[in-house]
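Peer 1: Predicted model, plus sequence, below.
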Amino acid sequence: MHHQRHGWLVPFLAEVFHHLEGLSLINWWARRVPCWRQGVRLRRIEIGILLFALVEGWFLGLLFLCPRSKDNLFFSIPLQLILGYRLVDIMQSVLSVFIFQQVRSNIEGRPLPKLASPQRTLVLTGLNYLEVIVVFAILAYLNGSSYSPELDSPWDASNYSIQVAALLGPEASVLGAIGPILFVSEVFFALIFLTLVLATAVSLLPRRTGDK
């Protein structure tokens with residue numbers, strides 16, 4: 001009955017995102033390291049996000065220091081694959097928490113999971129949003145020729161990524177196949193994150209006595 005109420009597409013996506021959770025490095029590490037598996041889940045999620053953010057920041061800093069390193073295919077291609085994986089991981093994590101875990105619980109007749117803390121969720125979502133900006137800045141710089149004018153410095157790529165993520169309308173236009181894909185992907189991420197951040201922030205507003 002619950003399944004019929006959701007149709008077929010939403011339960012299908014919920015199942016897909018459930019399996020994608022198994023690809024998360026944080027979950028993979030927790031299954032294999034006893035101290036992480038036995039530790040508090042919330043704490044390891046926070047540690048994982050901070051570690052990813054540090055690694056991404058390190059790569060961006062490296063590109064600032066050695067701009068020509070992007071021309072090395074043995075560096076740029078593996079880096080783009082890693083960053084692509086991280087984007088998928090962020091997407092499955094955010095959508096699972098806000099949407100698909102509730103759907104699976106409803107279909108399976110289990111109690112609906114509750115957010116441990118809306119404030120914590122708001123902060124972590126904001127950190128993920130900043131991660132996305134950094135990741136797309138790196139990808140934009142590594143594919144700088146896919147833009148006009150060309151993004152020929154990490155600073156230009158970072159500025160471009162911030163403009164897209166803020167939905168301000170970037171100064172550079174996209175070219176070829178890769179540029180439009182990166183642009184649409186970042187706009188998609190930005191819309192989702194801005195919607196979730198706004199919804200979470202609204203839920204934290206004080207309510208009048210008697211409101212439910």
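Peer 2: Perfect, thanks for sending it.

Peer 1: what about the helices in this protein?
Peer 2: Here the chain has its helices, by DSSP state H, at 2-6, 9-20, 25-32, 34-38, 41-65, 73-95, 101-108, 118-142, 154-165, 178-203.

Peer 1: got those helices as a markdown table, with mean neighbour count, distance to A172 and mean pLDDT columns?
Peer 2: For every residue, glycine as well, the C-beta is placed using N, CA and C. Formatted as a markdown table, these follow (neighbours: other CB atoms under 10 Å; distance: least, CB to CB, whole Å; pLDDT from 0 to 100):
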| stretch | mean neighbour count | distance to A172 | mean pLDDT |
| --- | --- | --- | --- |
| helix 2-6 | 12 | 41 | 56 |
| helix 9-20 | 15 | 32 | 75 |
| helix 25-32 | 14 | 32 | 65 |
| helix 34-38 | 11 | 42 | 53 |
| helix 41-65 | 15 | 17 | 86 |
| helix 73-95 | 16 | 19 | 91 |
| helix 101-108 | 16 | 38 | 69 |
| helix 118-142 | 20 | 9 | 91 |
| helix 154-165 | 20 | 6 | 95 |
| helix 178-203 | 16 | 9 | 89 |
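
Peer 1: and S148, which of those is closest to it?
Peer 2: Of all the helices of the chain, it is helix 178-203 that lies closest to S148, at 8.6 Å by CB to CB.

Peer 1: Need the helices of the chain in TSV (columns: distance to S148).
Peer 2: As requested, these are arranged in TSV below (distance: least, CB to CB, whole Å):
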stretch	distance to S148
helix 2-6	44
helix 9-20	35
helix 25-32	36
helix 34-38	46
helix 41-65	21
helix 73-95	20
helix 101-108	42
helix 118-142	13
helix 154-165	12
helix 178-203	9
